[in-house]
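J.: Sequence plus predicted model, see below.
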Amino acid sequence: MSSSPAEVAAQYATERHLRTRIGTHERYSVGPGLEGTVDRLLALTGDEAVLDVGTGPGDFPGRLRAEGHQGRIVGLDFSAGMVERASGEYPDVEFQQGDAAALPFADASFDVVTARHMLYHVPDVAAALAEFRRVLKPGGRFLAVTNAEGYMAELWDAVAEAGQAEPAVNALLDSKAGSAVFSETQGERLVRAAFGNVQLDFIENALVFTTPEPVLAYLESMPALQNLAPDTLERARAALTQAVMARIQGGEWRVSKRVVFISARR
Ligand SMILES: C[S@@+](CC[C@H](N)C(=O)[O-])C[C@H]1O[C@@H](n2cnc3c(N)ncnc32)[C@H](O)[C@@H]1O
């Protein structure tokens, strides 16, 4: 794990940086969408009690409610700032602060537990999965969404190249290593160990960029570039811009994104 709990807490103290990354995915993605796949796999009737762990700004629970879900919906996050933000944005959803590895809920409270792009931040994934299973009713369903191996490989190649010109850029590669700790390989093994069953589904899509600015904004939203001295940051920007421009070459640059959906039933 490349990020300590304190670093994860600092990174998600507010939604600002995460919102930059979510916005990049919303604007520049092509190919099958993540939300449609989540909906297809969950096939909710609207009555289920749903817990979304690591909910961030709460967009997923908010969307479920807006689309007419009648059952209980709870969004839980470690970050008080996220919980405050989500509660203000989606007053019809219940939000709570808490840790995935010590859920503040009774046994068998939920029909569905989701953990979207968060398990790679959790130091003890097995403990979190045991908690997800504990709060699920018998027959209840778990769904994790996470980055598959090779996620954004083209972006990380560009970052590694820029790192040769300005070594401070190499700290960004920790984000790549960080998300790799819960991809399909470990995910399948850990979820099978926790639930005794597992199903994997994948989507292949991509980010398509025609200018370097959104790529730079995306990378600057990551913790690695946030505490650099101004002159180092300028050199990092210049090196990254050069590596990205060399790939766009006046046309389009495609950064592939393979996402894995890991499901299990209690
Ligand atoms: C990458 S964001 C994902 C947010 C949202 N699920 C999404 O897909 O947009 C990860 C979130 O997990 C939260 N998180 C990290 N570790 C956690 C833990 N142990 N328990 C609960 N939430 C955690 C962070 O605070 C952050 O809001």
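T.: Structure received.
J.: near the ligand, which residues of this structure show up?
T.: Listed as neighbours of the ligand in the chain under the rule CB under 6 Å from any ligand atom: 8, 12, 18, 22, 53-56, 77-79, 82, 99-101, 116-118, 121-122. C-beta here means a position set from N, CA and C on the backbone, and glycine is covered the same way.
J.: Now, the residues you listed that are in helices?
T.: Taking DSSP state H, the ones among the residues of the chain next to the ligand that sit in helices are 8, 18, 22, 82.
J.: residues near the first one, how many?
T.: Per other CB atoms under 10 Å, the neighbour tally for residue 8 reads 21.
J.: check contacts around it.
T.: 78, 121 (CB atoms under 8 Å, 6 or more residues apart in numbering).
J.: So residue 106 sits against residue 135, correct?
T.: Yes: counting by CB atoms under 8 Å, residue 106 does reach residue 135; the two are 7.4 Å apart.
J.: The stretch 51-200 of the chain: strands as residue ranges?
T.: Taking DSSP state E, counting those that start in this stretch as the test, the strands found in the stretch 51-200 of the chain are 73-77, 94-97, 110-116, 136-147, 199-209.
J.: of all those, which lies closest to residue 218?
T.: With respect to residue 218, and counting by CB to CB, the nearest of those is strand 199-209 at 8.4 Å.
J.: Show me what that closest one is packed up against.
T.: With contacts defined as 3 or more CB pairs under 8 Å, 6 or more residues apart in numbering; DSSP states H and E, strand 199-209 has these neighbours: helix 16-28, strand 29-30, helix 34-42, helix 184-195, strand 253-265.
J.: For it, C-alpha coordinates in PDB please.
T.: What follows is strand 199-209, C-alpha atoms only, in PDB (Å, rounded to 0.1, in the frame of the first residue of the first chain):
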ATOM      1  CA  GLN A 199     -17.900 -13.200 -10.300                       C
ATOM      2  CA  LEU A 200     -15.800 -10.800 -12.400                       C
ATOM      3  CA  ASP A 201     -17.100  -8.500 -15.200                       C
ATOM      4  CA  PHE A 202     -15.000  -6.000 -17.100                       C
ATOM      5  CA  ILE A 203     -15.600  -3.000 -19.300                       C
ATOM      6  CA  GLU A 204     -13.000  -1.500 -21.600                       C
ATOM      7  CA  ASN A 205     -13.200   2.200 -22.300                       C
ATOM      8  CA  ALA A 206     -10.800   5.100 -22.600                       C
ATOM      9  CA  LEU A 207     -10.100   8.800 -22.000                       C
ATOM     10  CA  VAL A 208      -9.400  10.700 -25.200                       C
ATOM     11  CA  PHE A 209      -7.400  13.900 -25.000                       C
END
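J.: Moving C-terminal from it, which element do we reach first?
T.: Next along the chain after strand 199-209, taking DSSP states H and E as the criterion, comes helix 213-220.
J.: Need the strands of the stretch 51-200 of the chain in TSV (columns: mean pLDDT).
T.: Below are the strands of the stretch 51-200 of the chain laid out as TSV (pLDDT from 0 to 100):
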stretch	mean pLDDT
strand 73-77	98
strand 94-97	98
strand 110-116	98
strand 136-147	97
strand 199-209	97
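J.: winner for burial among the ones you listed?
T.: strand 73-77 (a mean of 26; mean count of other CB atoms under 10 Å).
J.: how far off strand 110-116 does it point, in degrees?
T.: Inter-element angle recorded for strand 73-77 and strand 110-116: 40 degrees (by axes from the mean of the first three to the mean of the last three CA atoms, to 10 degrees).
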